[in-house]
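>>> show me the folded form of this:
(chains A and B)
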Amino acid sequence: MVRSKNGLLRSSEIPARQSTQRILVQEFKSYNLQLLNYYRTNISNINLNHSKNSLYVNLFDGKINMSGSAYLSNVAKVRWSTELGLNAKDLFFDKADAISTFKLNYSLQDFDSYQSLMMQLSLNQMSPYSPVQPSFLSLDQLPPSVKNQDLSMQLGLFADRINLTSRFYNRLTGGVVADTYYAPDPSTGMSTRYMDYAMRSKGVEVLGNFRIIQKRNFGWSADVIVAHNSLTNVKVLELPYVADFTYLISPKVGYSKNAVWSYQWGGLDESGNPTIKTAEGERLKVANESALVYSGVSIAPNTGSINQTFDIYDFYIRTRINWQTGGVSRKYIPVPSSSTEYNADIAKRWRSPGDEAYTDVPALAQYDSQRQLIAQNSTNSIISTDAIRLEEIQVGYFFPQHIVKALRFKDLSTSIQVNNLWFKARNKYGYDPKSVSTTGMITPRMPVEFSFTLNATL
Amino acid sequence: MKRVCCLLCLSLLFSGCSKILDVNPETGMTVSAKHFKDFKELINSKQFMISNLDIGNMMSDDVLLFQYSTYSNDISFYQKRAYFFMDPFWQTASVDEIYESLYGFIAQCNMIIKEVPNLSEGTAQERDQLIAQAKIHRAYFYFQLVNLYGRNYNASTANSDLAVPLVLNLDPNQLPSRASVADIYALIEQDLNDAYATETLPMLSADIQYPGRIVAFALLAKVHLQKGEFEKAETFAKATLEQNSNLIDYAYLDSTKVAFPSSLLLLSTQPELIFPKVAEDGIITTYAGNLQLSKELSALFEASDLRVKNFYTNMGSYKVYKSANTSNGRVVRYRNSIGVPEMMLIAAECEARKGAIASAMNRVNAIREKRFYSKDFKKLSATTASEALQHVLDERRRELVCVGSTRLFDLKRLAIVNGKPDTIKRWNDNGSLAQEIPTNSDKLIVPITPKVLTFNPNL
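You can find the predicted model right below:
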């Protein structure tokens, strides 16, 4: 064993993590370990002793609840966790009959990496003297710090026939992570370097439950969800400009984690070569940082769905419609060369002067990585991923009780369900955004599915 | 009853997880090395022995590529860029696999050298042995790096000539700067001196994975030759030969199995090898079709030389490095091992340079005797030291074709030793001269890729 100092969790060796891969060397009939990574984390010398001081307040017969906790550790850190609940219906709208429920809730969690670690430890039910190592010790680094604010509201109207729930959250997550973009210097012999990062996820979600019609033989209800979510890099190690695809999707401070960057397309030149345009309007045949523009985010920030249910006598109809807006994707543009190419658009390639007015597919030429980079990653290949889709329709029937009883069942129902029935996308090619890869290649669409269900309960 | 319970508990405690759960906690795919056996497995690397160093061969005057057969612009075809000394050498997104793999190996060695002293497992003798072996490997890898990516050692400029980073610790976030040629050579020598001073390390290698002290001697001979320190080079070459002076007789050689090894294990059957290495490359056959020997090198071989028969195929008027069909496609295999013949030639060169003509020629002829059928063998002779030296250098070319960039390193060192550079010629397909590069040119230094330079501003 590695010589360790006293104490299990404070061992100076534990934080120094190397990860190696054991492979069988058949020729030697023995195993070989290959070093993959080595990371000396900052867990060393931390003291996991802490005290948690909590305060609970209940005011006005429980109409206002407040709880707060302060975590104190001897690394001179104090962090807060607070929750405030307000029953506004009982406090302010007691006489308003139309309002059946009105609650407000605010919570704040502010945990640094050490406290996250403590929580992991407590979740693992660790005893400080247990010989079993907790799961965090298999990690390369401390868990992230989290600062989360969450404001939510629940409003019920007309005896909760209309129920609106909204939530706003703002979460800042930070810590040390393996950087998948910024490669370490090869002379370190490692494959991954680590960086301090902070990322803000922010969003608003509104959920509405509507019982629109409730008659004896007819009912119509709908659930509507509308959400806007964003994920923004607050602190990352930005990649220096490199003319390759990785740079175009690498994280940049102030932009979404899913940001997509493109070169400003300059069209094909008179020889069928792809060109880009710098901010000054200069046309270039090779990738250049000054021609880069922000193209949007690859994951649509705005999403929503409507689920409706119609009950007509013993029949029911359910539908689910989803939509998304605000995202972009790429359309694949083939770059004809000596390399194998299967895309059918190769037929639209530039062949003679004048074709540049009609096509963005470059002329057949010797393979060149720079030519391919700008031809396939410029603004002309950006397409919207806005789409609406009828995800599901289900038509069902509950058999009447006399038939069910005659058959000695408790319940008997049947339904026909159709999935992936229809979609409409806002791009001129009609591409289904679910079926476009990151390079713009089209993958097979989800097929329309029909299913028949017979549900019998004995 | 209490005693029985105690015994039962103790037996469970000492039997470990594997007995109770049938799970061995040490057999994961990704593990953290902490036991002595783990560190031994770190050095038990096949990759250490099969790393490709062909970029140096391509820069040398041993090979010939036709321009028409190198039409492909594929960035993986770096041999073409090396052969034609293209500028820029690398494309924007190029990855230098040789540079990266050599440093990967060095990191493994660094881990052993750094961590093994902290182990309490294994005996002190075993730990010292392992550290010494890691230092031998590290010295070899740095020797390749400094000579591929830096100027040749020149006592008057080595302190200011910058080569590659000198990385001794494990930290993926460090951005090291280039170290001087002198500093890198200092580490190489220190590592090798430490290794041969490790008395508990056996003199002869136990097997092809774990080097013995003899490898430290052989590498020191190479290092001092490269530095132009002939007296020391001769001492270490002779020290090596005292331990192993076996030569394979090519007259009795099964060339398909031994001269062109299809697997690493076959190397262990070659008694003349001291530090076995064999690299495989399929890129050159993919893009260029064949790897031709240069006309100058071809002209050095006599028709009856068995090295021609064993290693090359006649294709028209050219000699082509033999290739073989494998599960990886058609490949060439470079014999990168350090062996007895190289040590004999180092000793011979040093002897020739100091005027010991007879001794030098004896060594050359001893090698040649094993490279011809007895009916074809003719002794070479020399009357002057320079004539003997030329015979040694010619024999060196014949014996060490595409062996771990030796020829490129020779060209670079001889430019300094001779006081004037030679030239490397490149030809157009019609036979006319395309370019001529002096052997002291910085074009013989493999540049670091643009991406690495961008990511590390300290380089």
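
>>> in what helix or strand does residue 451 lie?
Just so you know, I chose chain A. Using DSSP states H and E, A:Ser451 maps to strand A:449-457.

>>> oops, wrong one, chain B.
Going by DSSP H and E, B:Lys451 is part of helix B:450-455.

>>> quick one on the thing from earlier: and the strand holding A:Ser451, what's its mean pLDDT?
For strand A:449-457, mean pLDDT is 93.

>>> same deal with stretch B:381-388?
Stretch B:381-388 comes out at a mean pLDDT of 95.

>>> and stretch A:401-418, by the same measure?
Mean predicted confidence for stretch A:401-418 is 91.

>>> can you check stretch A:360-378 too?
Here stretch A:360-378 scores 91 as its mean pLDDT.

>>> now do the phi/psi pair for the residue lying closest to A:Pro353 once chain neighbours are set aside.
Spatial nearest neighbour of A:Pro353, excluding adjacent residues (CB to CB, 6 or more residues apart in numbering or on different chains): A:Glu270 at 5.4 Å. In this view, the C-beta of every residue, glycine as well, is placed from N, C-alpha and C. Backbone torsions for A:Glu270, taken as degrees, to the nearest 10, come to phi -70, psi -10.

>>> state the number of residues packed around A:Glu270.
Look at A:Glu270: counted by other CB atoms under 10 Å in any protein chain shown, it has 10 neighbours.

>>> try B:Asp87
8.

>>> name the element it belongs to?
Going by DSSP H and E, B:Asp87 is not part of any helix or strand.

>>> mind checking how far it is from B:Asn428?
Look at B:Asp87 and B:Asn428: by CB to CB, to the nearest Å, they are 18 Å apart.

>>> around chain B, which positions in the stretch 151-300 of chain A sit nearby?
A:182-195, A:239-244, A:287 (CB under 8 Å from any CB of the partner chain).

>>> go again with 6 Å.
Taking CB under 6 Å from any CB of the partner chain, the part of the stretch 151-300 of chain A that reaches chain B is made up of A:184-190, A:193, A:240, A:242-244.

>>> and the furthest pair within these?
Using CB to CB, the two most remote members of these are A:Gly189 and A:Ala243, lying 25.9 Å apart.

>>> out of the two, which sits in the busier spot?
More neighbours surround A:Gly189 than the other of A:Gly189 and A:Ala243, with 26 against 21 (other CB under 10 Å).

>>> helix, strand or coil for the residue nearest to the more buried one when sequence neighbours are not counted?
Take A:Gly189 and drop its neighbours on the chain: the residue closest to it by CB to CB, 6+ apart is B:Ala107, 2.4 Å away. Using DSSP: H, G, I helix; E, B strand; the rest coil, the structure places B:Ala107 in helix.

>>> thinking again about what came up before, what does the helix holding B:Lys451 rub up against?
The contact list for helix B:450-455 (CB atoms under 6 Å, 6 or more residues apart in numbering or on different chains) reads A:186, A:240, A:242, B:90, B:92, B:459.

>>> in stretch A:163-180, what's buried?
A:163-165, A:167-169, A:171-177, A:179 (16 or more other CB atoms under 10 Å in any protein chain shown).

>>> stretch B:45-57 now?
B:45-46, B:48-51, B:53-57.

>>> nearest to A:Ser381 among those?
B:Ile55 (36.0 Å).

>>> where does that closest one land in three-state SS?
Assigned with three-state DSSP, B:Ile55 falls in the helix class.

>>> which residue of chain A lies farthest from its centroid?
In terms of distance from the mean C-alpha position of chain A, A:Ala406 ranks first, at 50.9 Å (CA atoms, centre = their mean).

>>> ok, how many other residues are close to the spatially closest residue to B:Asp376 that is not a sequence neighbour?
The shortest distance from B:Asp376 to any non-neighbouring residue, by CB to CB, 6+ apart, is to B:Ser304 (3.8 Å). Applying other CB under 10 Å, we find 14 residues neighbouring B:Ser304.

>>> wait, B:Ser304 sits on B:Phe377?
No: the pair B:Ser304 / B:Phe377 is not scored as a contact, 8.5 Å apart, by CB atoms under 6 Å.

>>> how about the residues of the stretch 301-450 of chain A near chain B?
So the stretch 301-450 of chain A meets chain B at A:366-367, A:369 (CB under 6 Å from any CB).

>>> poorly predicted segments of the stretch 351-459 of chain B, please.
Judged against pLDDT under 70, the stretch 351-459 of chain B has no low-scoring part.

>>> name all residues that make contact with residue 388.
No chain in the question, so chain A it is. When contacts are counted by CB under 6 Å, 6+ apart, A:Ile388 touches A:323, A:424.

>>> that answer is for a different chain, and I need it for chain B
B:Ala388 neighbours (CB under 6 Å, 6+ apart): B:352, B:357, B:360-361, B:382.

>>> avg pLDDT for the helix or strand containing B:His224?
Secondary structure from DSSP H and E places B:His224 in helix B:213-227. In this model, helix B:213-227 has a mean pLDDT of 96.

>>> only C-alpha atoms, please: export whichever helix or strand comes after that helix in PDB.
Counting by DSSP H and E, the next helix or strand C-terminal to helix B:213-227 is helix B:230-243. The C-alpha coordinates for helix B:230-243 follow below in PDB (Å, rounded to 0.1, in the frame of the first residue of the first chain):
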ATOM      1  CA  PHE B 230      34.200   9.400 -28.700                       C
ATOM      2  CA  GLU B 231      36.300   8.300 -25.800                       C
ATOM      3  CA  LYS B 232      33.300   7.800 -23.500                       C
ATOM      4  CA  ALA B 233      31.300   6.300 -26.400                       C
ATOM      5  CA  GLU B 234      34.000   3.800 -26.900                       C
ATOM      6  CA  THR B 235      34.200   2.900 -23.200                       C
ATOM      7  CA  PHE B 236      30.500   2.300 -23.000                       C
ATOM      8  CA  ALA B 237      30.200   0.400 -26.300                       C
ATOM      9  CA  LYS B 238      33.000  -1.900 -25.200                       C
ATOM     10  CA  ALA B 239      31.400  -2.300 -21.800                       C
ATOM     11  CA  THR B 240      28.300  -3.400 -23.600                       C
ATOM     12  CA  LEU B 241      30.100  -5.800 -25.800                       C
ATOM     13  CA  GLU B 242      31.800  -7.400 -22.800                       C
ATOM     14  CA  GLN B 243      28.400  -8.500 -21.700                       C
END
